[in-house]
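**Q** fold the stuff below for me.
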Amino acid sequence: MIKQVEGGVTAAKGFMAAGVEAGIKYKNRMDMAMVYSTVPCVAAGTFTSNVVKAAPVLWDKKIVEESPYAQAVVVNSGIANACTGRQGMDCCELESKYAGEMLGIPTESVLVASTGVIGMQLPADRLREGIRKLAEAKSHSLEAGLEAAKAIMTTDTLPKQIAVEVVIGGKNVTLGGMCKGSGMIHPNMCTMLGFLTTDVNISKEMLQKALREDVVDSFNMISVDGDTSTNDTLLALANGLAENEEITSEGEEYDKFREALRFVTTYLARKMAGDGEGATALIEAKVIGAARKDDARILAKSVICSSLTKAAVFGHDANFGRILCALGYSGVEFNPDRVDLYFQGKNGSIHIFGDGVACDYSEEEATKVLSEPEVVILADMHMGDAQATAWGCDLSYDYVKINADYRS
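**A** Residues are numbered from 1 along each chain as shown. Below you'll find the predicted structure:
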């Protein structure tokens, strides 16, 4: 059984964190974070599919693929270190080297991540000073984990973190996580950054397998604006301090870990989608009765990516034609006359379309459902048993305001 507990990245045994103000781009706000394990960890990662990849993405891919272990992550917000050429890569190496010296660990065991404005160079002197502060401030406390979650925010309106416990191999295992992301959110691997920490004892190969399979139905099923960032990064560190028998293959214990991982990543993904720039509502699109799993994913994602559907939810307008339109151009073949559409809220469900025509529903009741902070759109395709869920947000006036002024 999965039990949600207090905290985030410091909830698992052996993990420390910190968040500090370094003045990377803004003043009077925390903008650097560190996650550190007291012992070496196996590391896994998934990264942006954008051809234009930020320097930290390239650095982390190399560390995850080639380094035997990782032990720390250094993150900055404000400047993305993307489209920065050789100087950007040199900056990643400088960060890792300096953090390694401060923590007493190898350069190649330090992962880095950045989020913020594309095209600006990171100030090396402020980075060094920020890393020094982080190394001194790091703590096992739950508050330190929260400070780290706050420090990685850009246009996010709230920190996003979670921790859970599960019994694996007779041992209590903890899995914690934090993420940021509010705009330029349309992950496709896997701007979003996510960091997971766990004390489970698992091989590097199985951790990577679990993470790679998980993002398909969690972070890859969200969208705020359809823009896949240059910096999308999800990193997982496992230090083995729970002392369960090492998970080296698929089976019951691996499945328990996967279930806990899914709980954490789905929670964080929903939090990101609901905190989209300017958003007033989380939109959940659930497709059932699809012929194939991939079809269900495509259909659900098409609905939450539709600007017209997003605008309709913002206006509390039960314009089901926009949903059908989004399903229809998704590329999946289906019979529109067999589709049933529903709006669902905390107070019930409204059948809005079926048998090829509008249902006899109350516009007033539909408006009430669409005025709730979480709106569920259910599409039953009546073609099979496959289903999938995607998450997005409504499209408000504030989205344009926020992004028109972002660089300033």
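**Q** centre of the chain to the one helix or strand residue 74 maps to, how far?
**A** Per DSSP states H and E, residue 74 falls inside strand 70-79. Mean C-alpha position of strand 70-79 versus that of the full chain (CA atoms, centre = their mean, to the nearest Å) differs by 16 Å.
**Q** what lines up beside it in the sheet?
**A** Counting by DSSP bridges, the strands paired with strand 70-79 are strand 32-47 (antiparallel), strand 110-117 (parallel).
**Q** just those: most buried one?
**A** strand 110-117 (a mean of 27; mean count of other CB atoms under 10 Å). In short, each C-beta sits where N, CA and C put it, glycine included.
**Q** after that one comes which helix or strand?
**A** helix 124-137.
**Q** and the gap between residue 362 and residue 351?
**A** As judged by CB to CB, to the nearest Å, residue 362 and residue 351 stand 11 Å apart.
**Q** same thing with residue 249?
**A** As judged by CB to CB, residue 249 and residue 351 stand 46 Å apart.
**Q** against the centre of this protein, work out the most remote residue.
**A** Computed with CA atoms, centre = their mean, the residue of the chain farthest from its C-alpha average is residue 360, at 38.6 Å.
**Q** that older thread, mean pLDDT and distance to residue 239 added to the strands paired with strand 70-79, as JSON lines?
**A** Listed next are the strands paired with strand 70-79 as JSON lines, based on pLDDT from 0 to 100; distance: least, CB to CB, whole Å:
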{"stretch": "strand 32-47", "mean pLDDT": "97", "distance to residue 239": "4"}
{"stretch": "strand 110-117", "mean pLDDT": "94", "distance to residue 239": "14"}
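**Q** of all the ones you listed, which one is nearest residue 211?
**A** With CB to CB as the measure, strand 32-47 is the member of the strands paired with strand 70-79 nearest residue 211 (4.5 Å).
**Q** could you tell me the angle between the closest one and helix 124-137?
**A** Counting by axes from the mean of the first three to the mean of the last three CA atoms, to 10 degrees, strand 32-47 lies at 100 degrees to helix 124-137.
**Q** quick one: buried residues of the next helix or strand after strand 32-47?
**A** Moving toward the C-terminus from strand 32-47, the next helix or strand (DSSP H and E) is helix 55-66. For helix 55-66, a neighbour-count test (16 or more other CB atoms under 10 Å) marks 55-57, 59-60, 63-64 as buried.
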